[in-house]
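Asks: Next come a sequence and a model predicted from it.
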Amino acid sequence: MAPGPPQPQGTTTQQYDQENIRKNMMAVTVCRTGGTVLSGVCAGILGLESYRGFLFFLLCSAVISGGLFVFAEGNPTKYFLKAQHLLFDGIFDGLFTFVLFWTLFYGLVHVY
């Protein structure tokens, strides 16, 4: 293997273990999915309708991201390649799960 390009003086390279980063991303996905389910249940029980439910989703996603940031000791680049991976990846992937549990519990509590 050929050596990499010369590094400017005063800089260091950081090495990451891909397996650990993959495990960290899976843990974030599990946390986001659980939080999305819980927020959908809460939105349904509270009887939120229309845009208020989606605003509730955005609020809960922000709270989950903040909690993950605190859990990462305020330094997400220690556990992920970029801070955006912790804070923003997968937020809208859980939107359909949120809507599923939102409508399910809205129907169970307020319709039946």
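Replies: Sure, I can see it.
Asks: For the helix or strand hosting residue 54, name the packing helices and strands.
Replies: Assignment of secondary structure by DSSP states H and E places residue 54 within helix 51-71. The elements that helix 51-71 packs onto, with contact taken as 3 or more CB pairs under 8 Å, 6 or more residues apart in numbering; DSSP states H and E, are helix 18-46, helix 83-87, helix 95-106. All C-beta spots, glycine's among them, are computed from the backbone N, C-alpha and C.
Asks: Of all those, which one comes closest to residue 57?
Replies: In terms of CB to CB, the element of those nearest to residue 57 is helix 95-106, at 5.1 Å.
Asks: buried residues in the closest one?
Replies: Applying a neighbour-count criterion of 16 or more other CB atoms under 10 Å, one finds 97, 98, 99, 101, 102, 105, 106 buried in helix 95-106.
Asks: Can I get the helices and strands packed on helix 51-71 in TSV including distance to residue 55?
Replies: As requested, these are exported to TSV (distance: least, CB to CB, whole Å):
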stretch	distance to residue 55
helix 18-46	10
helix 83-87	19
helix 95-106	12
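Asks: of all these, which has the lowest average per-residue confidence?
Replies: Taking the average pLDDT of each of the helices and strands packed on helix 51-71, the minimum falls on helix 83-87, with a mean of 82.
Asks: residues in contact with that helix?
Replies: With contacts defined as CB atoms under 8 Å, 6 or more residues apart in numbering, helix 83-87 is touched by 25, 28, 65, 68, 69, 72, 76, 77, 79, 80.
Asks: Out of the buried residues of helix 95-106, which comes closest to residue 39?
Replies: Once CB to CB is applied, the member of the buried residues of helix 95-106 that ends up nearest residue 39 is residue 98, at 6.2 Å.
Asks: residue contacts, that closest one?
Replies: Applying CB under 8 Å, 6+ apart as the definition, the contact partners of residue 98 turn out to be 36, 37, 39, 40, 43, 57.
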